[in-house]
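# what's the 3D shape of this:
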Amino acid sequence: MTTEANTSAILHRDTRFLPKKCVGGKGSYLFLEDGTTFLDSTGGAAVSCLGHGHEGVTQLIKDQMDQLSYCHSAFFGTTVAEELATLLVNSTNGTLSKLFVISSGSEAVEAALKLARQYFLELPTPQPERTRFIARLPSYHGTTLGALSAGGHVQRRQPFEPLLSKNTSHVSPCYAYRNKLDGESDADYVARLAAELDAEFQRVGPQTVCAFIAEPVVGAALGCVPAVPGYFLAMKAVCGKYGALFILDEIMSGMGRTGTLHAWEQEDVVPDIQTIGKGLGGGYAPVSGLLINDFIVQIMDKGSGIFRHGQTYQGHPISCAAALAVQKTIKKENLLENVRKMGAYLEKQLRQRFENHPYVGDIRGKGLFWGLEFVKDKATKEPFDPSDRLSFLIQEKGLEPQYSVSLYGSSGTVDGIKGDHLILAPAYIVSKGEIDIIVDTLEKVLEDVFATLQK
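I've put the predicted structure just below:
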């Protein structure tokens, strides 16, 4: 805490704390006002996929600004938006045939929920009774009221519960470390989760459900938890059984973060609606979007033809230019290959260093998206007491000048209240040397934090 916070006109995330100012950035590093060089090992919140200060990207954004900064999508289109849409649609082989561009992940989820609802109203025989959604605990899909209602993150929901929609129910996540039974095969675990989803459809009335929504690799809520093989194929089959849509939220795990441009490519489980963000524009401009399956587009086209949803900055030219530049750079520089290679190296280093750590219960992730879950007892998987504020302490310790590394900490891993994890999500340009620094520094941070807790 600092009294200096009272001098700021900004409502910061903590009104009693004034964060240090960033004054520049290059590659994997940020430069702070006090002269500190800070290693951005999480890309902020898994956003800065190209790192900072990529001159090719910034030049293309400047070029777009010189040409046109804004026009309203209700009146006009732009070439840059069309180019971005074509690139992304082609990346799905046209199965997802349209792109809808907005500004933030929460906005993308809001739009996905509304599109799912409208789809059923546009059918030749409308199904207006479809008003519900099924999501997972303890998922996180955004902070706006609709997205927060869909999510199952206890701490983020709690203050606003009276305002949240009651039309979403939640099933268990695919969280093998804690929920897979001893001796249970992956296939049996998947079958059990599919039966749970099926039972939830039956409980609420299958004819009332618009869609099931889930993250391919759970980000902030669980700390980079991937599903076991076959899980999403089974979930999509349950949705298909009852005519509901299948929505994948790839805002955090998509756009190359897990080693393929779309996380769903790794099992070829194509969504009906896909949300994208974060790595889409790499932080160079606020941008997110929906990729929409062609069968939905065809139904809309044969119906009203009008998506009853729109925003002032929809399809913003500068946002589209940033996203197009980032995606072209990822392809041109073959960065998905680097994600896979450096991801494998990061996994190896994390396992060698922390698999036998007394307080690291699980190491999980894909590509350059890795999480560590902390436990007080490895045998029982007992989490630390929430009053210890372990994930907060780890994150704050990393910010201290002698460490100067970002460690994305979150709590509520186990039940929404208890449990701590951290996320590492370095830029796609990360080198072996930088990964070594990240892992070495993390080891020192954990040593200091746990030493403090044991006093």
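# Return the set of buried residues in the lowest-mean-pLDDT helix or strand in the chain.
Sorting the helices and strands of the chain by mean pLDDT, DSSP states H and E puts helix 154-157 at the bottom, at a mean of 87. Buried positions in helix 154-157, judged by neighbour count with 16 or more other C-beta atoms under 10 Å: Arg156, Arg157. From N, CA and C alone the C-beta is placed, and that goes for glycine too.
# Go ahead and report the secondary structure state at Gly365.
Counting by DSSP: H, G, I helix; E, B strand; the rest coil, the backbone at Gly365 sits in strand.
# chain center to the least confident helix or strand of the chain: distance?
17 Å (C-alpha atoms, centre = their mean, to the nearest Å).
# Show me what it is packed against.
Here helix 154-157 touches no other helix or strand, going by 3 or more C-beta pairs under 8 Å, 6 or more residues apart in numbering; DSSP states H and E.
# Number the chain from 872, please
Got it, first residue is 872 now, which makes that one helix 1025-1028.
# residues contacting Arg1007?
Gly1023, His1041, Val1042, Ser1043, Pro1044, Ala1085 (C-beta atoms under 8 Å, 6 or more residues apart in numbering).
# any idea which helix or strand comes after the least confident helix or strand of the chain?
strand 1039-1042 (DSSP states H and E).
# what's the following helix or strand past that next one packed up against?
Note on strand 1039-1042: by DSSP H and E, the next helix or strand toward the C-terminus is helix 1047-1050. Secondary-structure packing of helix 1047-1050 (3+ C-beta pairs under 8 Å, 6+ apart): helix 1057-1075, strand 1231-1237.
# the helices in the stretch 1122-1271 of the chain, which residues?
Here the stretch 1122-1271 of the chain has its helices, by DSSP state H, counting those that start in this stretch, at 1165-1173, 1188-1203, 1206-1225, 1261-1270.
# by how many degrees do the longest one and helix 1188-1203 diverge?
Counting by axes from the mean of the first three to the mean of the last three C-alpha atoms, to 10 degrees, helix 1206-1225 points 80 degrees away from the direction of helix 1188-1203.
# buried residues in helix 1206-1225?
Those would be 1206-1207, 1209-1211, 1213-1214, 1216-1218, 1220-1221, 1224-1225, for helix 1206-1225 by 16+ other C-beta under 10 Å.
# which of the residues in stretch 925-940 are buried?
Applying 16+ other C-beta under 10 Å to stretch 925-940 flags His925, Val928, Leu931, Ile932, Gln935 as buried.
# Now do the second one against Asp937, distance only.
In this structure, Val928 and Asp937 are 15 Å apart, going by C-beta to C-beta, to the nearest Å.
# again, but for the first one
Taking C-beta to C-beta as the criterion, His925 is separated from Asp937 by 18 Å.
# which residues touch His943?
Here His943 is in contact with Thr1183 (criterion: C-beta under 8 Å, 6+ apart).
# Help me confirm that it is found in a helix?
No: under three-state DSSP, His943 sits outside any helix and is assigned coil.
# How confident was the prediction at it?
At His943, the pLDDT value in this model is 96.
# for the one 10 residues further on, same thing?
As summarised for this prediction, Glu953 has a pLDDT of 98.
# count of neighbours near it?
14 (other C-beta atoms under 10 Å).
# can you check Phe1245 too?
26.
# Need the three-state assignment for His979.
In this structure residue 979 is Ala, not His. helix.
# Mean neighbour count, the helices and strands packed on helix 1047-1050: which tops it?
strand 1231-1237 (a mean of 22; mean count of other C-beta atoms under 10 Å).
# Output the longest helix belonging to the chain.
helix 1303-1324 (DSSP state H).
# Point out the other elements, helices or strands, that that one touches.
So helix 1303-1324, by 3+ C-beta pairs under 8 Å, 6+ apart, packs with strand 908-910, helix 1206-1225, helix 1261-1270.
# tell me which residues in it are buried?
Using 16+ other C-beta under 10 Å as the test for burial, helix 1303-1324 gives Glu1305, Ile1306, Ile1308, Ile1309, Val1310, Thr1312, Leu1313, Val1316, Leu1317, Asp1319, Val1320, Phe1321.
# now, among the residues you listed, which is nearest to Thr886?
In terms of C-beta to C-beta, no member of those lies closer to Thr886 than Val1320, at 25.2 Å.
# domain parsing for the chain?
Listed by the TED database, the domain ranges of the chain are 893-924+1205-1325, 927-1204.
# would you list those in a markdown table and tack on distance to Leu882?
Below are these laid out as a markdown table (distance: least, C-beta to C-beta, whole Å):
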| stretch | distance to Leu882 |
| --- | --- |
| domain 893-924+1205-1325 | 18 |
| domain 927-1204 | 14 |
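# Same list (the helices of the stretch 1122-1271 of the chain) but as JSON lines, adding mean pLDDT and distance to Ser975.
Formatted as JSON lines, the helices of the stretch 1122-1271 of the chain follow (pLDDT from 0 to 100; distance: least, C-beta to C-beta, whole Å):
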{"stretch": "helix 1165-1173", "mean pLDDT": "98", "distance to Ser975": "22"}
{"stretch": "helix 1188-1203", "mean pLDDT": "98", "distance to Ser975": "10"}
{"stretch": "helix 1206-1225", "mean pLDDT": "98", "distance to Ser975": "24"}
{"stretch": "helix 1261-1270", "mean pLDDT": "97", "distance to Ser975": "22"}
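# Mind putting those into TSV with distance to Val1246?
Listed next are the helices of the stretch 1122-1271 of the chain as TSV, based on distance: least, C-beta to C-beta, whole Å:
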stretch	distance to Val1246
helix 1165-1173	43
helix 1188-1203	36
helix 1206-1225	12
helix 1261-1270	10
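# With respect to Gly1153, which of those helices lies nearest?
helix 1188-1203 (4.3 Å).
# What residues of the closest one count as buried?
For helix 1188-1203, by 16+ other C-beta under 10 Å, it's 1188-1201.
# which helices and strands does it pack with?
Helix 1188-1203 packs on helix 926-938, helix 950-961, strand 967-973, going by 3+ C-beta pairs under 8 Å, 6+ apart.
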